[in-house]
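*Asks:* sequence first, predicted coordinates after that:
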Amino acid sequence: MSTQRFTPEFKQEAVRQIVERGYSVAEVSARVGVSAHSLYKWVKAVTPDQAEKHATELVEAKSEILRLRAQLRRTEEERDILKKAARYFAKEPE
């Protein structure tokens with residue numbers, strides 16, 4: 001009983017059909033002649049695991065929070081300057 005070997009290009013195309021084009025594993029399995037079990041393993045090998053994906057999302061969220069805080073600080077400073085200017089120009093001329 002020999003195991004069939006597939007080229008990396010073949011595996012990549014099969015995974016692309018599932019991940020990018022939206023075909024089900026069963027459809028691709030029947031079309032290319034590979035077991036569904038093998039396809040699931042190939043897909044899992046190329047997609048980042050959930051912990052890694054979650055860590056990336058956390059880093060992106062933190063950087064977004066920092067950017068928004070800086071923007072809020074600038075906006076509050078601009079508001080304060082405008083308030084001071086409005087008070088200055090609202091005074092009666094002496």
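*Replies:* Arrived safely. Numbers count the residues shown, from 1 in each chain.
*Asks:* so where is this protein shaky, pLDDT-wise?
*Replies:* 1-3, 50, 94 (pLDDT under 70).
*Asks:* ranges for the strands of it?
*Replies:* Along the chain, counting by DSSP state E, no stretch forms strands.
*Asks:* count the neighbours of residue 27 for me.
*Replies:* 13 (other Cβ atoms under 10 Å). In this view, the C-beta of every residue, glycine as well, is placed from N, C-alpha and C.
*Asks:* quick one: it and residue 10, what's the gap?
*Replies:* 16 Å (Cβ to Cβ, to the nearest Å).
*Asks:* okay, domains of this structure per the record?
*Replies:* Under the assignment automatic domain parsing, the domains of the chain span 8-46, 49-94.
*Asks:* highest mean neighbour count out of the ones you listed?
*Replies:* domain 8-46 (a mean of 14; mean count of other Cβ atoms under 10 Å).
*Asks:* distance between the ends of that one?
*Replies:* 11 Å (Cα to Cα, to the nearest Å).
*Asks:* quick one: that domain to chain centroid distance?
*Replies:* 22 Å (Cα atoms, centre = their mean, to the nearest Å).
*Asks:* what about the helices in the protein?
*Replies:* With DSSP state H, the ranges of helices along the chain come out as 8-19, 25-32, 36-46, 50-90.
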